[in-house]
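Q: quick one, fold the following:
(2 chains)
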Protein chains: 2
Amino acid sequence: MHLLEQRILRDGKVLEGNVLKVDGFLNHCIDPAFSLEMGKEFYRLYKDSGVNKILTIEASGIGLACMTGLVFNCSVLFAKKRASKNISNDVYCYEIPSYTHGNTNTVVVSREYLGPEDRVLILDDFLATGAALDGLIHIALQAKSTVVGCGVAIEKAFQDGGERIRRQGYRVESLARISFMSPQEIRFAPD
Amino acid sequence: MHLLEQRILRDGKVLEGNVLKVDGFLNHCIDPAFSLEMGKEFYRLYKDSGVNKILTIEASGIGLACMTGLVFNCSVLFAKKRASKNISNDVYCYEIPSYTHGNTNTVVVSREYLGPEDRVLILDDFLATGAALDGLIHIALQAKSTVVGCGVAIEKAFQDGGERIRRQGYRVESLARISFMSPQEIRFAPD
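A: Reported below is the predicted structural model:
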């Protein structure tokens, strides 16, 4: 998505430790109109897949997922992070290691809102190691939902998460794929 | 907002401990089109206040805030919860006690995205003790922003948070004000 690449080049900053800081429009300060444009792009990509539910994880994915849900006219379910492992029986849960924070999160989704009738588009802001998408896919599988695919705003294509998940047979669409980044330069993979 | 009251009566459940469960449309599974209607209502209430930024707190407020930001055509900033008190100098921070989880969260907002030029509408899904709004107001004051007011989807008017914040001189608009609730009955305060 050319607009997103331009926005990353304009507003993104590459910090130490392979961190791309895009919190000025994506994951701290959100530009809702721009998020809606990204939602429209996910709709263009997945409009023929019968999506009836969007699944994401708190917190950074929620804005993008809500805008995309508005375009698809479907509900948006976000997995919640719990410190506690004391989880009740009425939720699906999965342990996700957090690349950013160096710990593990138990994420939970209420069984009430996800089931075999759902055709799920899984969304997140970033794809790097793929840990969050792995967790969301596992939760959708626990619910016996159909995973129609995944969508992320920014894929760090120099890390292996995207390729690993694609090799498992899942469709993964990234609106911008970064092939290389350094404090001086950001390069995108060709479409 | 009549539509919200009807939705609460239809989908809400009152659990032990004064918990109103509305996670089927508001704070776990989100109905984006309905959130947009709530955003339009906040716009009707605050359209003459020169709002140029919406401030909320992760995670449940983000969906509502993004939809409202779309209507106002302004950016949406969400305060992040941090377990650590090891906070850098480039953020505003505040300690917020969590009613739901019985602990304390340090919430932070990057100084980069909030300042004296901002006229801030503070949004959240729930208002009960007012602890989250207190925290967001303090963060806006640290930034020397103007707080034009607060907006919440659901106010538990039988708790004191709303009145306390109004007595401090802040405008607080709630789309539904619950005056009484029990597992058998939910009553709303008159407008």
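
Q: who's in contact with A:Ile137?
A: By Cβ atoms under 8 Å, 6 or more residues apart in numbering or on different chains, the contact set of A:Ile137 is A:Ile122, A:Val147, A:Cys150, A:Ile165, A:Tyr170. Every C-beta, even on glycine, is put in place using the N, C-alpha and C of the backbone.

Q: which single one of the residues you listed is nearest to chain B?
A: Proximity to chain B was ranked across these by Cβ to the nearest Cβ; first place goes to A:Ile122, at 14.8 Å.

Q: bridged to the closest one, which residues?
A: Bridge pairing for A:Ile122 (DSSP bridges) gives the partners A:Leu55, A:Cys150.

Q: might one say that A:Ala140 is in contact with A:Val147?
A: Yes. Contact criterion Cβ atoms under 8 Å: A:Ala140 and A:Val147 qualify, at 5.0 Å.

Q: show me where chain A has its helices.
A: In chain A, the helices defined using DSSP state H lie at A:2-11, A:32-46, A:62-72, A:131-142, A:161-167.

Q: the second one: how far from the chain's middle?
A: Relative to the chain's own centre, helix A:32-46 is displaced by 13 Å; criterion: Cα atoms, centre = their mean, to the nearest Å.

Q: now swap in the last one and tell me
A: Put simply, helix A:161-167 sits 14 Å off its chain's centre (Cα atoms, centre = their mean).

Q: for chain B, what are the nearby residues on chain A?
A: Contacts of chain A with chain B, taken as Cβ under 8 Å from any Cβ of the partner chain, map to A:23-25, A:28-33, A:35-36, A:58-59, A:62-63, A:66-67, A:69-70, A:73-78, A:80, A:83, A:109-110, A:112-113.

Q: quick one: buried ones out of the residues you listed?
A: Among these, those buried by neighbour count (16 or more other Cβ atoms under 10 Å in any protein chain shown) are A:23-25, A:28-32, A:35-36, A:58-59, A:62-63, A:66-67, A:69-70, A:74-78, A:80, A:109-110, A:113.

Q: distance check, A:Gly17 against B:Tyr113.
A: Taking Cβ to Cβ, to the nearest Å as the criterion, A:Gly17 is separated from B:Tyr113 by 22 Å.

Q: ditto for A:Pro97
A: 28 Å.

Q: swap in A:Asp31?
A: In terms of Cβ to Cβ, A:Asp31 sits 11 Å off from B:Tyr113.

Q: again with A:Ile178
A: Applying Cβ to Cβ to A:Ile178 and B:Tyr113 gives a distance of 23 Å.

Q: picking up where we left off before, any residues in contact with both of A:Ala140 and A:Val147?
A: With Cβ under 8 Å, 6+ apart as the test, A:Ala140 and A:Val147 both reach A:Val120, A:Ile122.
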